[in-house]
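1. what would the 3D arrangement of this be:
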Amino acid sequence: SVIRSINNGVPIATYTGHGNAFQWSPQEIISVDPIAQPPKNDVAALENGPRQPFIIALSCLNNYFVFPGLSSLGEVFVRAEGKGAIAYWGGAGLGFSADHEVVATEFFSALASRKETLLGAIINTAIKPIIEARISEGIVKQLVLLGDPALKLSLPQTTQSSPPPSDGGSPTPNNDSGGGGCFIATAAYGSPLAPQVKLLREFRDRYLVTHGVGRRVVAFYYTFSPPLAEFVSRHEALRAGIQIALLPVLGFSYLMVKTTAWMKFLFMAGSLLMLVWRIRK
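-> Numbers count the residues shown, from 1 in each chain. Sure, this is the predicted structure:
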């Protein structure tokens, strides 16, 4: 059905979910695996001719263009002769669905505003506030556009302003009380751009995803948090309770992210002394 939709001439095709340098999802929705026996190339099966979409792949490694001797999925799409994609925007590294949700929201908001018409300008408009707010800055900067940034997208006269489903198919609530997505904090504070959510992302990027144990903790959290976040977003009282429960976590994150090494040392030493005093008491 994905190939059929591309063949029918959709102007923009978006994928969100798991992926690697050669495929969308572990189920290989679209795959160009040159290592498989026999090699697989779903792009070669396309028959879209000049009706080539702009593809947004909010996934991992789809545009990993530095692989010696092998072409990533994004490269295969844009290099396909007489078919494929007019341009491909995706990650050259690893990413997280919560960060991709922010990127999608900003991109489609910029697209719907029609203030910019060139592809590169729309992308810059989308990522600029994310980088300036230092929200998952590293994730955003590894998104790579394969294609001409001066390209003018050919779009219908009416454009949907809602972002695509996040988390591989879980819709992002559009009401004011929603938060959705895969972060429980996002559901509690109502927006992935909330300063509290930004602080937690900074803590994750600086202290968790930099080592194996932390990455496993993050992966476990991302696996089980979406249904909880969806439930939290629909109950105002629960959102308030989660906000209160997160205060110690936010305080510790602020200490680790925003203070100097000397302040961290004083806090840890003071906490240790209090613990020893309580044990002896």
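2. what helix or strand is the residue nearest in space to the middle of the chain on?
-> For the chain, residue 100 is the residue whose C-alpha lies nearest the centre (C-alpha atoms, centre = their mean; 1.6 Å). Applying DSSP states H and E as the criterion places residue 100 in helix 97-113.
3. show the pLDDT at the residue nearest to the centre of the chain.
-> Note for residue 100: predicted pLDDT of 85.
4. and if you look at the one 10 residues further on?
-> The confidence metric pLDDT takes the value 88 at residue 110.
5. ok, now which ones touch it?
-> 116, 122, 125, 126 (C-beta atoms under 8 Å, 6 or more residues apart in numbering). From N, CA and C alone the C-beta is placed, and that goes for glycine too.
6. how about the first one, nearest residue that isn't a chain neighbour?
-> So that's residue 116. Among residues not flanking residue 116 along the chain, residue 122 sits closest, at 4.8 Å (C-beta to C-beta, 6 or more residues apart in numbering).
7. that neighbour reaches residue 114, doesn't it?
-> No. Residue 122 sits out of contact with residue 114 when judged by C-beta atoms under 8 Å, with a separation of 9.5 Å.
8. these two: which is more packed in?
-> A direct count of neighbours by other C-beta atoms under 10 Å for residue 122 and residue 114 places residue 122 higher, at 23 against 10.
9. show me what the helix or strand bottoming out on mean pLDDT in the chain is packed against.
-> The weakest-scoring helix or strand in the chain, judged by mean pLDDT, DSSP states H and E, is helix 137-141 (a mean of 77). With contacts defined as 3 or more C-beta pairs under 8 Å, 6 or more residues apart in numbering; DSSP states H and E, helix 137-141 has these neighbours: helix 97-113, helix 119-132.
10. how far does the first one sit from the chain's center?
-> In this case it means helix 97-113. Relative to its chain's centre, helix 97-113 lies at 9 Å (C-alpha atoms, centre = their mean, to the nearest Å).
11. just the buried positions in it, please.
-> Within helix 97-113, the residues that count as buried by 16 or more other C-beta atoms under 10 Å are 97-108, 110-111.
12. just the last one next, same as before
-> Under the neighbour-count criterion of 16+ other C-beta under 10 Å, helix 119-132 has 119, 122, 123, 125, 126, 127, 130 buried.
13. on that earlier part again, next, the angle helix 119-132 makes with the helix holding residue 100.
-> Interaxial angle, helix 97-113 versus helix 119-132 (axes from the mean of the first three to the mean of the last three C-alpha atoms, to 10 degrees): 130 degrees.
14. with just CA atoms, put helix 97-113 into CSV.
-> Taking Å, rounded to 0.1, in the frame of the first residue of the first chain, the C-alpha atoms of helix 97-113 are listed here in CSV:
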residue,chain,number,x,y,z
SER,A,97,10.4,9.4,18.5
ALA,A,98,9.7,12.2,21.0
ASP,A,99,12.2,14.5,19.3
HIS,A,100,10.9,13.5,15.9
GLU,A,101,7.4,14.5,17.0
VAL,A,102,8.7,18.0,17.7
VAL,A,103,10.4,18.2,14.4
ALA,A,104,7.2,17.0,12.5
THR,A,105,5.0,19.5,14.4
GLU,A,106,7.3,22.4,13.5
PHE,A,107,7.8,21.3,9.9
PHE,A,108,4.1,20.9,9.1
SER,A,109,3.2,24.1,10.9
ALA,A,110,5.8,25.9,8.7
LEU,A,111,4.5,24.2,5.6
ALA,A,112,0.9,25.0,6.4
SER,A,113,1.7,28.7,7.0
